[in-house]
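# task: produce atomic coordinates for the following.
(one chain, ligands or ions: 1)
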Amino acid sequence: MKRPQTQVAVLQAADAQEDRRIDEVADEADCKPEAATRAAFELEADGLLTVTEETVSHYELTEEGERYVRESLPEQDLYAAATDAGAKEGPVQMGQVIGASGLEGAAVDIALSNYARKAYGEIDSGEITANPDADPGADPEMLALEAVADGRVDDADADALDQLERRGLVDVREETVRSVRLTDDGVTALMEGVEVAETVDQLTPELLTSGEWEDVEFTEYNVEADAEDVRHGKEHILRQTANRVKDTLVGMGFQEMEGPHADAQFWINDCLFMPQDHPARTHWDQFALERPDEIRDLPEDLVERVRSAHREGVGPDGEGYHSPWTEDVARGMDLRGHTTSLSMRYLSGHQVGDLEPPQRYFSVEKVYRNDTLDPTHLLEFFQIEGWVMAEDLSVRDLMGTFTEFYEQFGITDIEFKPHYNPYTEPSFELFGTHPETGEIVEVGNSGIFRDEVLTPLGVECDVMAWGLSLERLLMLMYGFEDIRDVHGTLCDLELLRETEVMH
Ligand SMILES: N[C@@H](Cc1ccccc1)C(=O)O
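Now for the predicted structure:
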C-alpha cells in the first residue's frame with residue numbers, strides 16, 4: 001500500500017493496544033499537530049485508525065482565588081470574628097463582628113452571602129450567630145481552591161469546583177484532546193508494508209518558491225474525511241444578513257439612503273404628521289439628546305408647510321389637529337426611533353434634490369427605542385427602511401414587493417394585518433412564522449403615505465413605504481428564539497460560531 005508521507009509516519013507512530021495522544025504522535029512523526037490530525041482523519045476514513053475525542057478541562061485560579069488561597073475565604077474570616085465575639089453562645093451585633101473581622105467593601109457582602117449559604121450561622125436583623133457544628137477549617141471550597149493551586153484538581157470535590165467557578169475564583173478552559181489507535185486493518189497494512197507515495201499531500205511555501213509544485217503529483221483530497229474545527233474571525237451573522245438585504249434591494253432597483261442617527265423631531269415625527277401633543281408622538285419612546293438639544297437648520301418653507309398641515313390639514317376637506325404646533329418642539333434632537341426620518345429627508349428634496357417618479361430608496365440602519373428588553377425587543381436594532389415613489393400605487397404593489405423581497409430569503413408565508421399609523425393610509429403590519437416555535441412574529445410595518453405627509457414635502461404622486469426589522473428577519477431565517485443571542489453583551493458565541501451561513 002502506498003500512502004502520503006505524513007500518513008505513513010502517523011500510522012507508524014500509532015499503537016494497536018493503547019490510545020496515543022495526537023500531539024505525541026505528531027512529535028514522533030515529526031510533523032505539526034494539525035498535519036498529524038488531518039492525516040489521522042484521512043486514515044480513519046479508510047478504516048486504518050480510530051480517532052477519539054475527549055474534552056479536558058483546565059482549571060486556573062483567578063486573582064481573587066489566588067488571594068483567598070494565600071489568606072482565607074471572607075466567610076472564614078467572618079466566622080472567626082463571630083466566634084471571638086461569642087456568637088456561638090447567642091446572637092451578637094453584626095457591626096461589631098464585621099469591624100473585628102477586618103472585612104471591607106465588597107468582601108463584606110461576599111462573606112455574608114457565603115456564610116449564610118454554608119450555614120456557618122444565622123444573620124438576622126443586624127445580629128449574627130455562629131453555628132458551633134460548622135467547621136470552616138475544613139471548608140470544601142477552600143480545600144478545592146488549594147487543590148487547584150497545587151495542581152491536584154483530581155483530588156478536588158466536583159461540587160466545590162463548580163461553586164468556585166460560579167464565584168469567579170477559578171477559570172475553566174476546555175480543550176479537545178484527540179487520540180488515535182490502530183485498527184486491525186491498520187495493523188495488517190503495516191505488516192504487509194506501507195510505502196511512502198511519491199505524491200505530495202501538503203503544499204508548502206518551499207514548493208511554491210522553488211517552483212517545484214509544477215512537477216509534483218498531489219495526493220487526492222478527501223473532502224469527506226472529518227476535519228479539525230478551525231475557529232477564525234468571521235463577519236457577524238447580522239452584518240452578513242444586512243449586506244445580503246442591501247444586495248437584494250439593489251437587485252430590485254433600489255438606491256441607498258444615508259443620514260444622521262441623531263436627528264430633529266421635525267424629520268422623525270413632524271413630517272410624518274404626528275401631532276405634537278398626541279401620545280402617539282411618544283409611542284416610540286425616543287431617547288432625547290441633552291447636547292445639542294436642538295437642530296440649527298430646518299428648511300423654513302417646509303417647516304411652514306408642515307405647520308399648516310398639522311394646524312389646518314391638507315386639501316379642501318382636510319382637517320388639521322387643531323392643537324398647538326411649535327417649532328421649538330420640532331427642533332428638539334432625538335436618537336431616531338425609526339429610519340423613516342431618512343425617507344422624509346430624501347422625499348423632501350433636501351438630501352439629493354427634487355425627485356421625479358419613479359424612484360426606489362432603502363436603508364438598512366440602526367434605530368433606537370426606549371423599549372423594555374425581552375426576547376424580541378432591544379433598545380437598538382436595525383431597520384430595513386424603504387419606499388417606492390410612482391404615479392399609481394396600490395396595496396397590491398406593496399404586498400407584491402414584500403412577497404418578492406422575503407422570497408429571496410426563503411420566506412414564503414408572509415401575512416398582512418391592517419394597522420394604524422398617523423402617516424400612512426392604508427397601513428399594514430407584516431407577520432412571519434417562526435421556524436422553530438411556529439409562533440407568528442411581527443416583522444414589519446408599512447403603508448401608503450397620506451397626503452398630509454406628501455403635500456408639504458412637495459410630492460405629487462404616490463409613495464408606498466415600510467420599516468422591517470433585520471433581527472426578526474434573522475429569527476425567521478435561522479430560527480433564533482432570543483434576539484439577545486445574536487446581539488449585545490449576552491450574545492451566545494457558540495451559536496454564532498456554529499450557525500451555518502446561508503448564501
Ligand atoms: N416607521 C414605521 C415603519 C413604516 C415606515 C414607513 C411607512 C409605514 C411604516 C415603524 O418604525 O414601525
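# report all helices and strands that the longest helix seen in the chain contacts.
Longest helix in the chain, counting residues (DSSP state H): helix 237-251. On a contact count with 3 or more CB pairs under 8 Å, 6 or more residues apart in numbering; DSSP states H and E, helix 237-251 meets strand 359-368, strand 380-390, helix 470-478. Glycine gets a C-beta too; all of them are placed from N, C-alpha and C.
# after the last one, next one along is what?
This means helix 470-478. Sequence order places helix 493-498 as the next helix or strand after helix 470-478, per DSSP states H and E.
# give the other helices and strands that that following helix contacts.
Helix 493-498 packs on no helix or strand, going by 3+ CB pairs under 8 Å, 6+ apart.
# hang on, residue 334 in a strand?
Yes: the assignment for residue 334 is a strand, going by DSSP: H, G, I helix; E, B strand; the rest coil.
# check this protein for the residue nearest the ligand and tell me.
residue 467 (2.8 Å; CB to the nearest ligand atom).
# for that residue, name its beta-bridge partners.
Bridge pairing for residue 467 (DSSP bridges) gives the partners residue 385, residue 445.
# thinking again about what came up before, got the contact list for the longest helix of the chain?
Applying CB atoms under 8 Å, 6 or more residues apart in numbering, the set of residues contacting helix 237-251 from outside is 256, 362, 364, 382, 384, 386, 405, 408-409, 470-471, 473-474, 477-478, 486-487, 496, 499, 501, 503.
# just the buried members of those?
362, 364, 382, 384, 386, 405, 409, 470-471, 473-474, 477-478, 486-487, 499 (16 or more other CB atoms under 10 Å).
# can you state the direction angle for the longest helix of the chain and helix 470-478?
100 degrees (axes from the mean of the first three to the mean of the last three CA atoms, to 10 degrees).
# would you mark the buried spots in helix 237-251?
237, 238, 240, 241, 242, 244, 245, 246, 248, 249.
# taking strand 359-368 as reference, get the angle to it.
Using the same axes, to 10 degrees: helix 237-251 against strand 359-368 is 160 degrees.
# just the C-alpha atoms of helix 237-251, please, in CSV.
Extracted in CSV, the C-alpha atoms of helix 237-251 (Å, rounded to 0.1, in the frame of the first residue of the first chain):
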residue,chain,number,x,y,z
ILE,A,237,-24.3,37.0,11.0
LEU,A,238,-26.2,40.2,11.5
ARG,A,239,-23.8,42.2,9.3
GLN,A,240,-23.8,39.4,6.7
THR,A,241,-27.6,39.5,6.5
ALA,A,242,-27.6,43.3,6.4
ASN,A,243,-25.3,43.1,3.4
ARG,A,244,-27.4,40.5,1.8
VAL,A,245,-30.5,42.6,2.3
LYS,A,246,-28.7,45.6,0.7
ASP,A,247,-27.7,43.4,-2.3
THR,A,248,-31.2,42.1,-2.7
LEU,A,249,-32.7,45.6,-2.6
VAL,A,250,-30.1,47.0,-5.1
GLY,A,251,-31.0,44.0,-7.3
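# got the phi/psi numbers for the residue nearest to residue 344 when sequence neighbours are not counted?
Among residues not flanking residue 344 along the chain, residue 271 sits closest, at 4.0 Å (CB to CB, 6 or more residues apart in numbering). Main-chain dihedrals, residue 271, degrees, to the nearest 10: phi -60, psi -20.
# distance of residue 271 from residue 258?
17 Å (CB to CB, to the nearest Å).
# again with residue 207
48 Å.
# of these two, who's got more company?
Using other CB atoms under 10 Å as the criterion, residue 207 and residue 258 rank with residue 207 on top: 16 against 11.
# and that one, which helix or strand is it part of?
Judged by DSSP H and E, residue 207 forms part of helix 205-210.
# need the residues that contact that helix.
With CB under 8 Å, 6+ apart as the criterion, helix 205-210 contacts 200, 212, 213, 216.
# what does residue 303 show for phi and psi?
According to degrees, to the nearest 10, residue 303 has phi -60, psi -40.
# and stretch 187-203, which residues are buried?
189, 190, 194, 197, 200, 201, 202.
# next one: it to chain centre, how far?
46 Å (CA atoms, centre = their mean, to the nearest Å).
# now the helices for the stretch 151-300 of the chain?
According to DSSP state H, counting those that start in this stretch, the stretch 151-300 of the chain carries its helices in the segments 158-166, 184-192, 205-210, 237-251, 265-268, 300-312.
# can I get those helices in a markdown table with mean pLDDT?
Shown next, in a markdown table, are the helices of the stretch 151-300 of the chain (pLDDT from 0 to 100):
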| stretch | mean pLDDT |
| --- | --- |
| helix 158-166 | 94 |
| helix 184-192 | 95 |
| helix 205-210 | 94 |
| helix 237-251 | 95 |
| helix 265-268 | 96 |
| helix 300-312 | 96 |
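# could you export those as CSV, including distance to the ligand?
As requested, the helices of the stretch 151-300 of the chain are arranged in CSV below (distance: least, CB to the nearest ligand atom, whole Å):
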stretch, distance to the ligand
helix 158-166, 41
helix 184-192, 63
helix 205-210, 54
helix 237-251, 15
helix 265-268, 9
helix 300-312, 17
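# can you put the ones you listed in a markdown table and add distance to residue 56?
Output for those, formatted as a markdown table (distance: least, CB to CB, whole Å):
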| stretch | distance to residue 56 |
| --- | --- |
| helix 158-166 | 14 |
| helix 184-192 | 25 |
| helix 205-210 | 33 |
| helix 237-251 | 30 |
| helix 265-268 | 55 |
| helix 300-312 | 67 |
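# pull the number of nearby residues for residue 460.
11.
# got a list of contacts for the helix or strand where residue 99 lies?
Assigned by DSSP H and E, residue 99 falls within helix 94-101. With CB under 8 Å, 6+ apart as the test, helix 94-101 has contacts from 77-78, 80-82, 84-85, 87, 108, 111, 123, 126-128.
# helix or strand with the lowest mean pLDDT in this structure?
Within the chain, no helix or strand scores below helix 493-498, which has a mean of 82 by mean pLDDT, DSSP states H and E.
# what about the residue nearest to residue 111 when sequence neighbours are not counted, how many neighbours?
Of all residues not flanking residue 111 in the chain, residue 74 sits nearest, at 3.6 Å (CB to CB, 6+ apart). Using other CB under 10 Å, the number of residues around residue 74 comes to 23.
# ok, now which ones touch residue 74?
68, 103, 107, 108, 110, 111, 114 are the contacts of residue 74 under CB under 8 Å, 6+ apart.
# can you do 6 Å?
Contacts for residue 74 (CB atoms under 6 Å, 6 or more residues apart in numbering) come out as 103, 107, 110, 111.
# phi, psi of it?
phi -50, psi -40.
# next: residue 78.
phi -60, psi -40.
# now it: how far from residue 126?
15 Å.
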